[in-house]
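Peer 1: Would you be able to build a 3D model of this:
(one chain, ligands or ions: 2)
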Amino acid sequence: MDNQDLENDFEAMDDHMMSSLDTPLRPDAFDLTDQEKIKIIEGHFREIMHTLGLDLTDDSLKGTPHRVAKMYVKEIFHGLNPDNKPAIRRFENKYNYNRMLVERDITLYSSCEHHFVPIIGKAHVAYIPGEHVIGLSKLNRIVQYYARRPQVQERMTMQIANELKQALQTDDVAVLIEADHLCVMSRGVNDVTSSTITAEYSGLFEQDQYRNEFLSHIRKK
Ligand SMILES: Nc1nc2c(ncn2[C@@H]2O[C@H](COP(=O)(O)OP(=O)(O)OP(=O)(O)O)[C@@H](O)[C@H]2O)c(=O)[nH]1
Ligand SMILES: [Zn+2]
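Peer 2: Residues are numbered from 1 along each chain as shown. Ligands and ions are numbered 1, 2, ... in the order given. Below you'll find the predicted structure:
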């Protein structure tokens, strides 16, 4: 293998690493309107319920296909559509606040992409402002946007960290997610006590001093 091959190989690897951070979407993912998606999903979900043997003329069940379809498109998978990405306005860091800002215990509801059952947990995020700050609630909104799609926890953690870096124009960000996966708790291995922790540290947070400060803040109650 000559140098050029090696370089091409690294580039391909880079591309792969970049794109593997994105939620896998079809190129024509946004050709349908929300209303069209709801209609199609409703039909498929009716089929699933019918196949399971449920009586769709029953008063309590007949609205379920539509409810599930609307919930998928408008609520729990709302973050698949980039139109729903939170608008984030950057403000000048007028106060020159340059210590750590931690937003802890952010409620996180997501869905496991392997089983389509809930992932429930908390996200803790931190950054060290450079020239810019953003509104506090935008940190929660970024977490919620990436949570509201079929996910694996590792990718969700990285997606949130990357978005924070872009929004805040700094590499000094930390994200830690602790979550319970219903697919582990209520089926399969049926383990109700284990939980999953993932973290991403970049910039100054790669240093022990900053990482430990972040960890001590999120441990305090
Ligand atoms: N790495 C990772 N794995 C996950 C996540 N959520 C669910 N999984 C795992 O995805 C795996 C899917 O594996 P399979 O063996 O195909 O699925 P399964 O037969 O239902 O597996 P069991 O859950 O062991 O019964 C399971 O081990 C899940 O626990 C996640 O966020 N990250
Ligand atoms: Zn799962």
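Peer 1: Burial check on the residue in the chain positioned nearest to ligand 1, number of neighbours?
Peer 2: Minimum separation of the chain from ligand 1 (CB to the nearest ligand atom) falls at Gly188, amounting to 2.9 Å. In short, each C-beta sits where N, CA and C put it, glycine included. Counted with other CB atoms under 10 Å, the neighbours of Gly188 add up to 12.
Peer 1: ok, now which ones touch it?
Peer 2: By CB atoms under 8 Å, 6 or more residues apart in numbering, the contact set of Gly188 is empty.
Peer 1: for it, helix, strand, or coil?
Peer 2: Using DSSP: H, G, I helix; E, B strand; the rest coil, the structure places Gly188 in coil.
Peer 1: just how off-centre is the host helix or strand of Cys183 within its chain?
Peer 2: In the assignment (DSSP states H and E), Cys183 maps to helix 182-185. Per CA atoms, centre = their mean, to the nearest Å, the displacement of helix 182-185 from the mean C-alpha position of its chain is 18 Å.
Peer 1: And the next helix or strand past it?
Peer 2: Heading C-terminal from helix 182-185, the first helix or strand you meet, by DSSP H and E, is strand 196-201.
Peer 1: helices or strands up against that following strand?
Peer 2: Counting contacts by 3 or more CB pairs under 8 Å, 6 or more residues apart in numbering; DSSP states H and E, strand 196-201 packs against helix 153-168, strand 173-181.
Peer 1: ok, residues contacting the shortest one?
Peer 2: Going back to what we said before, that points to strand 173-181. For strand 173-181, contacts defined as CB under 8 Å, 6+ apart pick out 108, 110, 112, 117, 119-127, 153, 156-157, 160-161, 164-165, 195-203, 205, 210-211, 214-215, 218.
Peer 1: domain assignment for the chain?
Peer 2: Here the domain assignment for the chain is 3-83, 91-219, based on automatic domain parsing.
Peer 1: Comparing those domains, which yields the minimum mean pLDDT?
Peer 2: Looking at the domains of the chain, the lowest mean pLDDT belongs to domain 3-83 (a mean of 87).
Peer 1: does any bit of that domain sit next to ligand 1?
Peer 2: No. Using CB under 6 Å from any ligand atom, domain 3-83 never reaches ligand 1; the gap is at least 12.7 Å.
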